[in-house]
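[1] what would the 3D arrangement of this be:
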Amino acid sequence: MFTLDPRLKNDTLLIGEFTLCRALLMNDARYPWVILVPRVTGVTELYQLSTADQQQLMFESNSVAQKLMELVLADKMNVAALGNVVSQLHIHHVARYQGDETWPAPVWGKGEAVAYSEQEQQTVVGQLQQIFNELIDNGKNSTI
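    The predicted structure follows:
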């Protein structure tokens, strides 16, 4: 049974369930930042997914990157799967701006996260649910 790593659970807000992945918003208002976590138990690396799941993850990741980029008009979309702190496979999608706090360095370990207010949480999660509407199935079509 799929269980989200406690660190991801504590640092994120739920956007919804895609066919393969749980979509999460990083609770850091400094950056538009979506994390996809494949709902496959025990997977830490991309190559450990079945071929079909790899293809589904690529589709979901590309869709998130494109739609997030269009929504926030970012200068660059950083997409990465590190797993050095949280080994559970998860893919970061971080919209970056040339004038943001850490540009051009990576966002990890830089500065203090700025949590969204309750109102901001509702607004941003709502916007993301709207742009990801065709991806969100909340498990209806999932075979996982």
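[2] where exactly do the strands run in the chain?
    For the chain, the strands defined by DSSP state E cover 12-17, 21-26, 33-38, 76-80, 91-96.
[3] show me where pLDDT drops low in the chain?
    Where the chain drops to pLDDT under 70, the residues are 138-144.
[4] that one: helices as residue ranges?
    Assigned by DSSP state H, the helices in the chain fall at 6-11, 51-72, 118-131.
[5] residue nearest the centroid of the chain?
    Of all residues in the chain, the one closest to the mean position by CA atoms, centre = their mean is I35, 1.4 Å from it.
[6] quick one: contacts for that one?
    Contacts for I35 were tallied using CB atoms under 8 Å, 6 or more residues apart in numbering; they are 8, 12, 23-26, 90-93. Using the backbone N, CA and C atoms, a C-beta is placed for each residue, glycine as well.
[7] of those residues, closest to Q54?
    Q54 lies nearest to I91 out of the contacts of I35, by CB to CB, at 11.7 Å.
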